[in-house]
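**Student:** my questions concern the predicted model and sequence given below.
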Amino acid sequence: MKVEDNQLQLDSVNSTSLTEVFSNPLFGDLTVLTDNAGLPWFFANDVASSLGYKNARDAIRKHVDSEDKSVANRDTLGGDQQVTTINESGLYALIFSSKLPNAKAFKRWVTTEVLPSIRKHGGYTHGQSELSPEELMAKALLVAQSAIQEKELENARLSSAIEDLSAQLATGVTIPSFCMQLNGVNTQDVQSSLASIGVLIAEKHGFRPSSAYRNTSFTCSSYEYQPGKRSYKTLVTPKGAEFLYRLYRKDKLPMRKDWNGSYTTSQLTQEQLKSLH
């Protein structure tokens, strides 16, 4: 842990504060600032990156309430800049909204090492230095409840989008053509990616579904283009549309490098459906 003096600006109040940098082999460095009330603040982008968010700015906007955000001066390669910081409540909001399997480990590291160390070194003292682990968890659970409600709404939107896709899907749509309607998917790599997890089988000329997905999620046609040599064409069924969309929302499909982090959730238009053929 490194400790240094730093000029912190929160809520437009300049004050000399303590900056502590905690290092973790799994999550990297976490910088913790204290405001003039002795409360901890975190650089939002650092937290979002540690929790596996692909689009940190979007995650902070979606999951952290405005009252849990502020700004602080930070020395960057581009010079001194004002960057977004989040308080403990905002930290928990990002933790409980993260899909990263190690999110629980990150929370455990912060609550058992980072925050207790801040209290020990004199920060985080105004009204919270005596909080027990149970009281800290009670605060976290309030944030978790809000995150759970948000996830329930997201699941409802997900189910609606899947229903739309399955109901509208016509026959004859290939996997890359279907995925063209899902914002950000790398359609050139999607079949290879599905083959790598056993959904498809790569042949010399095309891909065919594995036995577990044949005639359920996908259908397959083939023709002999030379004696003893066949070419395969795999098509998506309504069940396959649901399967692919769930993989998409779980970040299990290959995404383009220029993806903006936004998912397709709206119903496909008839024009979009026609473009699939």
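**Tutor:** Right, received. Where do you want to start?
**Student:** show me where pLDDT drops low in this protein?
**Tutor:** Residues of the chain that meet the criterion pLDDT under 70 lie in 1-18, 76, 78, 117-172, 265-277.
**Student:** how's it carved up into domains?
**Tutor:** For the chain, automatic domain parsing gives the domain ranges 2-131, 167-275.
**Student:** now render those domains as a markdown table, adding mean neighbour count.
**Tutor:** Using the backbone N, CA and C atoms, a C-beta is placed for each residue, glycine as well. Formatted as a markdown table, these follow (neighbours: other Cβ atoms under 10 Å):
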| stretch | mean neighbour count |
| --- | --- |
| domain 2-131 | 17 |
| domain 167-275 | 16 |
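**Student:** just the residues contacting the helix or strand hosting Leu194, thanks.
**Tutor:** Using DSSP states H and E, Leu194 sits in helix 190-196. Residues outside helix 190-196 that contact it (Cβ atoms under 8 Å, 6 or more residues apart in numbering) are 175-176, 179, 200-202, 207, 234, 253-254.
**Student:** next step: those restricted to helices.
**Tutor:** If you go by DSSP state H, the contacts of helix 190-196 have 175-176, 179 in helices.
**Student:** format those as JSON lines; extra columns: distance to Ile60.
**Tutor:** Formatted as JSON lines, the ones in helices among the contacts of helix 190-196 follow (distance: Cβ to Cβ, whole Å):
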{"residue": "Ile175", "distance to Ile60": "33"}
{"residue": "Pro176", "distance to Ile60": "33"}
{"residue": "Cys179", "distance to Ile60": "28"}
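**Student:** relative to Lys62, which of those residues is nearest.
**Tutor:** Cys179 (23.8 Å; Cβ to Cβ).
**Student:** which residue is the nearest non-sequential neighbour of the closest one?
**Tutor:** Val185 (4.3 Å; Cβ to Cβ, 6 or more residues apart in numbering).
**Student:** hey, where'd the strands end up in this protein?
**Tutor:** 2-10, 13-24, 28-34, 40-43, 69-76, 79-86, 200-203, 206-209, 218-226, 229-236 (DSSP state E).
**Student:** any chance of those strands in JSON lines with distance to Gly261 as columns?
**Tutor:** What follows is the strands of the chain, written out as JSON lines (distance: least, Cβ to Cβ, whole Å):
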{"stretch": "strand 2-10", "distance to Gly261": "27"}
{"stretch": "strand 13-24", "distance to Gly261": "25"}
{"stretch": "strand 28-34", "distance to Gly261": "21"}
{"stretch": "strand 40-43", "distance to Gly261": "19"}
{"stretch": "strand 69-76", "distance to Gly261": "18"}
{"stretch": "strand 79-86", "distance to Gly261": "16"}
{"stretch": "strand 200-203", "distance to Gly261": "27"}
{"stretch": "strand 206-209", "distance to Gly261": "28"}
{"stretch": "strand 218-226", "distance to Gly261": "28"}
{"stretch": "strand 229-236", "distance to Gly261": "25"}
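**Student:** and those: which comes nearest Ser50?
**Tutor:** strand 28-34 (6.3 Å).
**Student:** partner strands of the closest one, with direction?
**Tutor:** When pairing is defined by DSSP bridges, strand 28-34 lines up against strand 13-24 (antiparallel), strand 40-43 (antiparallel).
**Student:** that one versus strand 69-76: what angle between them?
**Tutor:** Relative orientation of strand 28-34 and strand 69-76, computed by axes from the mean of the first three to the mean of the last three Cα atoms, to 10 degrees: 120 degrees.
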